[in-house]
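[1] My questions concern the predicted model and sequence given below.
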Amino acid sequence: MAKIKITLTKSPIGYNKKQRATAVALGLKKMHSSAIQEDTPDIMGKIQSIAHLVTVEPYTEKADN
């Protein structure tokens, strides 16, 4: 399954508790922190609920040579 990189680009301070909890559930604790997650419907739903706080980009694993 494909992976995505999620980065917290805006502070969740001032937003409701559910949105802050969603950011933590995705593995985002501090500003500009990133998390690598599987591209599943569950994760995409969480991202959609806090889309104004995060940026999402595809993640490809680099081969170590």
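    Yep, that arrived. If you're wondering where the values come from, they're calculated on a predicted model, not measured in any experiment. Residues are numbered from 1 along each chain as shown.

[2] Do me a favour and average the pLDDT over the host helix or strand of I47.
    I47 is part of helix 41-49 when elements are defined by DSSP states H and E. Computed over helix 41-49, the mean pLDDT rounds to 96.

[3] Show me what it is packed against.
    Counting contacts by 3 or more CB pairs under 8 Å, 6 or more residues apart in numbering; DSSP states H and E, the secondary-structure elements packed against helix 41-49 are helix 17-25. Backbone N, C-alpha and C define where each C-beta goes, glycine included.

[4] and the helix or strand following the helix holding I47, which strands flank it?
    If you walk from helix 41-49 toward the C-terminus, the next helix or strand you reach (DSSP H and E) is strand 54-59. Each strand paired with strand 54-59, and its direction, by DSSP bridges: strand 3-8 (antiparallel).

[5] thinking again about what came up before, what residues does the helix holding I47 touch?
    Here helix 41-49 makes contact (CB atoms under 8 Å, 6 or more residues apart in numbering) with 4, 6, 18-19, 22, 25-26, 37, 54, 56.

[6] try 10 Å
    Contacts made with helix 41-49 from outside it, assessed by CB atoms under 10 Å, 6 or more residues apart in numbering, are listed as 3-4, 6, 18-19, 21-23, 25-26, 35, 37-40, 53-56.

[7] Give me the buried entries from the residues you listed.
    With burial judged by 16 or more other CB atoms under 10 Å, the buried subset of the contacts of helix 41-49 is 4, 6, 22-23, 26, 35, 37, 53-54, 56.

[8] now those in TSV, with distance to K46 and pLDDT?
    Listed next are the buried ones among the contacts of helix 41-49 as TSV, based on distance: CB to CB, whole Å; pLDDT from 0 to 100:
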residue	distance to K46	pLDDT
I4	11	96
I6	9	97
T22	5	97
A23	9	96
L26	6	96
A35	11	96
Q37	9	96
L53	11	97
V54	10	97
V56	11	97
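
[9] And those, which is closest to K62?
    Sorting those by distance to K62 puts I4 at the head of the list, at 15.6 Å, by CB to CB.

[10] How about the contacts made by the closest one?
    The contact partners of I4, by CB under 10 Å, 6+ apart, come to 35-40, 43-44, 47, 56-59.
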